[in-house]
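Participant: okay, here's the prediction I keep looking at, along with the sequence it came from:
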Amino acid sequence: MKTAVFSTKPYDRKYLIDSNQHFGHELVFYEAHLNDQTCRLTEGFQAVCVFVNDELNDKVLNCLAKHGCRMIALRCAGFNNVDLLTAKNLGITVARVPAYSPASISEFTLGLILTLSRHIHRACNRTREGNFALDGLLGFDLYGKTAGVFGTGKIGAGTAKILLGFGCHVLASDLYENNELKTLGVQYVSRDELFQKSDIITLHCPLLPDTRHLINTETITKMKHGVMIVNTSRGELLDTDAAIFGLKSGKIGSLAIDVYEEEAEVFFEDFSSRVIQDDTLARILTFPNAIVTGHQAFFTIEAMQAIAQQTLQNIAAFEQGQTPPGLVHWENKNVTTK
Ligand code: NAD
């Protein structure tokens, strides 16, 4: 199928081209994001393939429909950037990659937790400068700590299991309880109880109206003094200004974000020779006890192969008149992805 592929970097193209040997789609790659300025590039394409920071709003979807585009193939699990109701009304099918390698994100989450708990990011910088002093690097054991996993779907469940392996007491909050996790010792509690009792809070739920700014000034107030917060899910789960306030007061002891509310303009790009205009992001980067990674949690060989394969499979199924395996129902807009 003739598909315009947006937001592509060389690594995206490599895995899509490799996988396309089995499908034979006509793929045209664009580095640009899909938005109302770039939508004209979709003329003559039956499908578009997009990523997390492409904007599939009402205007863009109407433009796609006008150009005869009938399918959106997301190269990611989340679909919060698509106006699903408008897509449905325009007869545009939306498909995603629900699970490409949950382990990639769970493992990265633990990497962030250990980096913060043991100040590994600061230690690396120090030793490069020839400074082998330990002052300021005093960490804490994960063993015996209480970790709160918010959202125990594929990624959250994996994270919970790893945390159990470290000897943490794992609390969880989800709309649905996972019996396997309960058998392993995970304790389901209310949202508030998780916030109140956890030493470490890690977010693994989708971005939905109910979860936007889940971590805000009010919920931070309920947390333990010195709590660690990790967000590898979606930027808007965390009110970044509230988090900065929490870091300044010491209420938040450490913070790791792999996703950021305003990441679309910055993430996946090299700003090392430019001035970052986003003052909130710039402020977060100044804290010694905060780390920012650029939406990297998914980025493993295994995940890239699975994303390419499943995305092209979704397009192939649609082309053959079948239901794409990763079909997103428009009703999912306001409910969980389960
Ligand atoms: P999933 O659908 O398997 O699990 C999400 C869980 O969140 C479900 O169990 C669901 O019931 C729960 N949930 C939904 N709404 C909730 C609410 N209001 N309160 C409590 N729980 C709620 O999804 P997943 O594959 O585990 O992915 C989780 C999120 O991770 C995705 O939505 C995506 O935003 C993010 N993600 C990030 C990266 C990255 O590279 N940083 C990569 C993939 C996914």
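Facilitator: Good, I have the coordinates. The structure displayed is predicted, hence computed values, not measured ones.
Participant: show me what contacts residue 308?
Facilitator: Residues in contact with residue 308, defined by C-beta atoms under 8 Å, 6 or more residues apart in numbering, are 15-16, 18-20, 75. (Each C-beta comes from the backbone N, C-alpha and C, glycine too.)
Participant: buried members of those into ChimeraX, please.
Facilitator: Typed into ChimeraX, the next command selects the buried ones out of these (criterion: 16 or more other C-beta atoms under 10 Å):
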select :15,16,19,20,75
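Participant: and the strands in the chain, which stretches?
Facilitator: In the chain, strands defined by DSSP state E lie at 2-5, 26-29, 47-50, 71-74, 93-95, 146-150, 169-173, 187-188, 200-203, 227-231, 252-257, 290-292, listed in chain order.
Participant: now for the residue of the stretch 51-200 of the chain found nearest the ligand, how many residues are close by?
Facilitator: Nearest to the ligand, among the residues of the stretch 51-200 of the chain, is residue 153, at 1.7 Å (C-beta to the nearest ligand atom). Here the count is done by other C-beta atoms under 10 Å, and residue 153 has 21 residues near it.
Participant: is it true that it touches residue 203?
Facilitator: No. The pair residue 153 / residue 203 is not scored as a contact, 11.6 Å apart, by C-beta atoms under 8 Å.
Participant: near the ligand, which residues of the stretch 151-300 of the chain show up?
Facilitator: Proximity of the stretch 151-300 of the chain to the ligand is confined to 151-156, 173-176, 204-208, 210-211, 232-234, 258-259, 295, 297-298 under the rule C-beta under 6 Å from any ligand atom.
Participant: now the buried members of those residues.
Facilitator: Neighbour counting over these (16+ other C-beta under 10 Å) leaves 151-156, 173-174, 204-208, 211, 232-234, 258-259, 295, 297-298 as the buried ones.
Participant: now for residue 300: which residues touch it?
Facilitator: With contacts defined as C-beta under 8 Å, 6+ apart, residue 300 is in contact with 101, 104.
Participant: narrow the buried ones among the residues of the stretch 151-300 of the chain next to the ligand to those in helices?
Facilitator: Applying DSSP state H to these, the entries found in helices are 154-156.
Participant: and stretch 119-135, what's its mean pLDDT?
Facilitator: Here the mean pLDDT over stretch 119-135 is 98, rounded to a whole number.
Participant: what does that stretch rub up against?
Facilitator: Here stretch 119-135 makes contact (C-beta under 8 Å, 6+ apart) with 114-115, 136-139, 288, 291.
Participant: please narrow those to those residing in helices.
Facilitator: For those, membership in helices holds for 114-115, with DSSP H as the criterion.
Participant: now neighbour count too, for the contacts of stretch 119-135, in TSV please.
Facilitator: TSV is the format used below for those (neighbours: other C-beta atoms under 10 Å):
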residue	neighbour count
114	13
115	19
136	10
137	12
138	8
139	12
288	12
291	20
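Participant: so which of the contacts of stretch 119-135 comes closest to residue 96?
Facilitator: In terms of C-beta to C-beta, no member of these lies closer to residue 96 than residue 291, at 27.8 Å.
Participant: my read is that that closest one contacts residue 113, right?
Facilitator: No. Assessed by C-beta under 8 Å, residue 291 is found out of contact with residue 113, at 10.5 Å.
Participant: shared neighbours of these two, anything?
Facilitator: Contact with both residue 291 and residue 113 is made by residues residue 256, according to C-beta under 8 Å, 6+ apart.
Participant: list the contacts for residue 13?
Facilitator: By C-beta under 8 Å, 6+ apart, the contact list for residue 13 reads 5, 29.
Participant: is it true that residue 265 touches residue 281?
Facilitator: No. Under the criterion of C-beta under 8 Å, residue 265 lies out of contact with residue 281, with a separation of 9.4 Å.
Participant: put the alpha carbons of the helix ranked longest in the chain into CSV.
Facilitator: The helix that spans the most residues within the chain, counting by DSSP H, is helix 301-319. Listed next in CSV are the C-alpha coordinates belonging to helix 301-319 (Å, rounded to 0.1, in the frame of the first residue of the first chain):
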residue,chain,number,x,y,z
ILE,A,301,16.8,-3.7,18.6
GLU,A,302,14.0,-6.1,19.6
ALA,A,303,11.4,-3.3,20.0
MET,A,304,12.4,-1.7,16.7
GLN,A,305,12.1,-5.0,14.8
ALA,A,306,8.7,-5.7,16.4
ILE,A,307,7.4,-2.2,15.7
ALA,A,308,8.3,-2.3,12.0
GLN,A,309,6.9,-5.8,11.6
GLN,A,310,3.6,-5.1,13.4
THR,A,311,3.1,-1.7,11.7
LEU,A,312,3.5,-3.1,8.2
GLN,A,313,1.3,-6.1,9.2
ASN,A,314,-1.5,-3.6,10.2
ILE,A,315,-1.2,-1.9,6.8
ALA,A,316,-1.2,-5.2,5.0
ALA,A,317,-4.3,-6.5,6.8
PHE,A,318,-6.2,-3.2,6.0
GLU,A,319,-5.1,-3.4,2.4
